[in-house]
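Undergrad: how would this look folded up:
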Amino acid sequence: MLSRGRTRILMLGTLVAVLALVLQACGPAEQPTAVPTKAPPAPTATAAAVPAGPTAAPTVAVPTAAPTAVRFVTPTPTEKEPKYGGIAVIAGRADPTAGWDYMRDTNYDIHQAGQPIFGTGNLVRTCPDDPYARCPGLAESWDVNSEFTVWTFKIRDGVLWHDGRPFTADDAKWWIDLSVKGVEGRRPSNTVTSFGDFKSAEVVDGNKVRITLKTEAPQYLLELGHPTNVLAHPRHLMEPEIKKGNANVAPLDVKLVGTGPFKLLQYNKGSNVSVRRFDKYWEKDAKGRQLPFMDGIDFPLNLVRETQVASFRVGRLDGTGRGNLIFWLPQQVDTAKKQFGDGAAFWPLITGGRNFGFNMTRPSVFSDVKVRRALSLAFDRDEFARITYPDLAKALPIFFSGSPWVNPDYMTWPGYNPATREKDRAEAKRLLAEAGFPNGFKTELVCLNNWLQDCEWAAGELRKHLNVEAAIKVIDQATWNERRCKGDYDFIAQGASVNAAFPETVKQNVVSAQTGACANFYHNDLAVDAFFGRLAKARTVQERAKIAQELERYIIQEKVYNISLATNVSPFATRSYLKNIRMGITDARDYMTQADVWLDK
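TA: Got it, this is the predicted structure:
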């Protein structure tokens with residue numbers, strides 16, 4: 001049995017991809033915080049040693065100098081002593097959906113206002129100082145057996161819910177079971193795949209939770225500690241409601257009681273969220289200083305980009321919101337930089353990637369792979385990337401460009417290669433004719449309201465090049481979540497490519513409906529699930545990369561279950577006096593608790 005208090009799980013891949021993006025965006029006057037270019041050496045894989053990272057990392061070039069053109073910069077780390085006090089004003093985008101329930105939705109609206117209340121992750125979380133590692137969260141340490149099937153977490157002493165009740169091992173077990181199994185009238189969590197090939201959870205020795213898996217999972221903490229898998233369900237408040245018959249009780253129904261650094265002051269639907277310091281929060285920073293530093297945060301909610309930008313420029317906001325629709329356009333960044341100089345920072349946040357998924361479980365035109373392939377061949381991914389965000393957005397399959405997981409030749413694939421664009425579109429027309437649709441067909445494209453511009457572009461391309469009429473069905477976030485998780489669509493706009501930072505975390509995006517129904521496409525192909533069984537047995541980056549690349553080719557090229565277009569880049573802004581702000585690297589939803597952020601004014 002090995003004891004762990006911190007695990008650096010891999011992670012050269014996305015480091016290189018995102019570091020390259022940031023370096024390209026940063027100028028010589030102000031460089032980003034230093035990040036490692038190599039993963040540390042891993043222990044020799046023996047029965048007594050858990051391989052916490054790769055045994056050998058592939059050589060990947062990292063830019064050593066930034067171009068002179070400057071738009072985005074990241075603040076230089078400060079050596080100043082943090083100050084306590086003050087209330088930051090950081091814009092939100094919209095009301096958190098699904099009653100603030102992370103089991104039902106994981107978008108930026110829930111995370112921006114919710115992480116200060118509930119914290120990030122669960123028993124484990126992304127390390128505060130290393131986005132490529134998992135650190136203790138509500139558990140202070142863990143043990144794992146030599147087969148990687150039994151993980152035992154020691155619950156941290158002194159953690160309190162905001163109403164003063166201690167957080168216990170029984171609370172953790174109840175949350176795990178609710179996430180994985182649901183209850184009558186309540187389906188499992190959207191993030192059920194984060195719990196792996198789950199067998200059972202039990203409380204042992206009073207203050208420990210033991211998770212037993214059916215199969216080995218040496219990279220289990222990557223999955224469990226995913227930033228979307230947030231523990232936001234107080235057993236002592238929610239279990240009585242469930243016993244009364246309220247199976248779908250949500251955090252909002254019990255007044256948003258969490259264990260995070262801030263507690264709810266007020267929430268006015270459609271207007272604002274205000275949180276204030278929780279004086280009994282458990283966490284201290286690396287120097288032993290009690291967190292949080294700030295007295296609180298106010299989140300005015302506004303879905304209009306121009307309003308957020310104007311409010312920031314006149315000093316009403318210390319920071320703008322994150323996510324689609326409200327990100328800063330290049331010309332807005334340039335204008336604001338002239339106004340503020342070093343007084344503001346602009347962050348090139350990667351918030352995922354746009355893709356379109358098919359449902360292969362019910363009869364439709366998309367049951368035929370020739371039709372799916374034809375639609376994929378029709379799109380100009382480079383054009384979509386330019387429209388999405390000039391110079392920063394990149395065409396992608398599943399994994400990010402530059403990582404060891406992505407197929408290095410993907411830009412030569414049909415549908416990706418600019419040099420074969422016309423040939424690909426001719427092939428698309430031939431495939432449609434062969435499938436029985438020489439004059440195109442009509443279908444419905446289910447589209448989240450935040451993504452309407454992307455859906456309109458896609459529908460226009462299909463009409464222009466294939467005579468396919470995709471009528472756009474615009475729906476809200478809650479309806480979109482329900483329809484995608486039930487497979488209530490033939491053709492749907494999707495996001496969440498940001499989960500593809502690691503092979504293991506992409507699982508929730510691609511597995512079969514039997515394993516996790518809320519994937520980017522709906523299918524019963526157990527061959528997809530089998531890739532993750534192989535990944536669990538892999539011990540090196542090279543082995544994992546080979547399997548990841550096979551999975552990517554299988555989904556995108558061979559079966560065409562999903563049409564992936566390009567990354568989404570959604571820049572946000574902060575004033576430079578807002579210290580310790582961090583941008584999520586392996587996932588855009590990391591680092592939003594603001595526990596160690598402080599105001600230098």
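Undergrad: okay, CA-based contacts and neighbour counts for the rest of this
TA: OK.
Undergrad: so residue 414, which state does it fall into?
TA: Assigned by DSSP: H, G, I helix; E, B strand; the rest coil, the conformation of residue 414 is coil.
Undergrad: got a list of what it touches?
TA: 377, 420, 421, 424 (CA atoms under 8 Å, 6 or more residues apart in numbering).
Undergrad: part of a helix, is the first one?
TA: Yes: under three-state DSSP, residue 377 falls within a helix.
Undergrad: ok, the closest residue to it other than its chain neighbours - how many residues close by?
TA: Distance criterion CA to CA, 6 or more residues apart in numbering; nearest residue to residue 377, sequence neighbours excluded, is residue 415 at 4.4 Å. When neighbours are defined as other CA atoms under 10 Å, residue 415 has 28 of them.
Undergrad: hmm, residue 251 is touching residue 101, no?
TA: Yes: between residue 251 and residue 101 there is a contact under CA atoms under 8 Å: 5.9 Å.
Undergrad: mutual contacts of those two, please.
TA: Listed contacts common to residue 251 and residue 101 are residue 232; contacts here mean CA under 8 Å, 6+ apart.
Undergrad: who's in contact with stretch 96-108?
TA: The contact list for stretch 96-108 (CA under 8 Å, 6+ apart) reads 109-110, 113-114, 179, 188-191, 228-230, 232, 250-253, 256, 322-323, 477-478, 481, 589.
Undergrad: again, only this time at 7 Å
TA: Contact with stretch 96-108 is made by 109-110, 189-191, 228, 230, 250-252, 322-323, 477-478, 589, as judged by CA atoms under 7 Å, 6 or more residues apart in numbering.
Undergrad: which ones among those map onto helices?
TA: 109, 110, 477, 478 (DSSP state H).
Undergrad: next, count neighbours for the second one.
TA: One way to gauge burial is a neighbour count; for residue 110, by other CA under 10 Å, it gives 23.
Undergrad: name the residues of the helix or strand hosting residue 465 that are buried.
TA: Using DSSP states H and E, residue 465 falls within helix 452-466. Using 16 or more other CA atoms under 10 Å as the test for burial, helix 452-466 gives 452, 454, 455, 456, 458, 459, 460, 461, 462, 463, 465, 466.
Undergrad: what about that helix, distance to the chain center?
TA: A distance of 26 Å separates the centroid of the chain from that of helix 452-466, by CA atoms, centre = their mean, to the nearest Å.
Undergrad: mean confidence for it?
TA: The pLDDT scores in helix 452-466 average 97.
Undergrad: what do you get for stretch 122-140?
TA: 93.
Undergrad: likewise stretch 275-282?
TA: Rounded mean pLDDT across stretch 275-282 is 99.
Undergrad: do the same with stretch 323-332
TA: Mean pLDDT, stretch 323-332: 92.
Undergrad: from one end of it to the other, what's the distance?
TA: Stretch 323-332 stretches 16 Å from its first residue to its last (CA to CA, to the nearest Å).
Undergrad: in it, what counts as buried?
TA: For stretch 323-332, by 16+ other CA under 10 Å, it's 323, 324, 325, 326, 327, 328, 329.
Undergrad: so the third one, which of the three states?
TA: For residue 325, the secondary structure call by three-state DSSP comes out as coil.
Undergrad: may I have the phi/psi pair for it?
TA: The phi and psi values for residue 325, taken as degrees, to the nearest 10, are phi 80, psi -30.
Undergrad: so where's the chain shaky on pLDDT?
TA: When residues are selected by pLDDT under 70, those of the chain lie in 1-71, 73-78, 496-499.
Undergrad: burial of residue 101, as a residue count?
TA: 24.
Undergrad: swap that for residue 423, please
TA: For residue 423, the count of nearby residues is 13 (other CA under 10 Å).
Undergrad: these two touch, right, residue 152 and residue 143?
TA: Yes: with contact defined as CA atoms under 7 Å, residue 152 counts as touching residue 143 (5.1 Å).
Undergrad: these two: who's more crowded?
TA: Using other CA under 10 Å as the criterion, residue 152 and residue 143 rank with residue 152 on top: 23 against 17.
Undergrad: mind listing what's buried in the helix or strand that contains that one?
TA: Using DSSP H and E, the secondary-structure element containing residue 152 is strand 150-155. Neighbour counts over strand 150-155 (16+ other CA under 10 Å) mark 150, 151, 152, 153, 154, 155 as buried.
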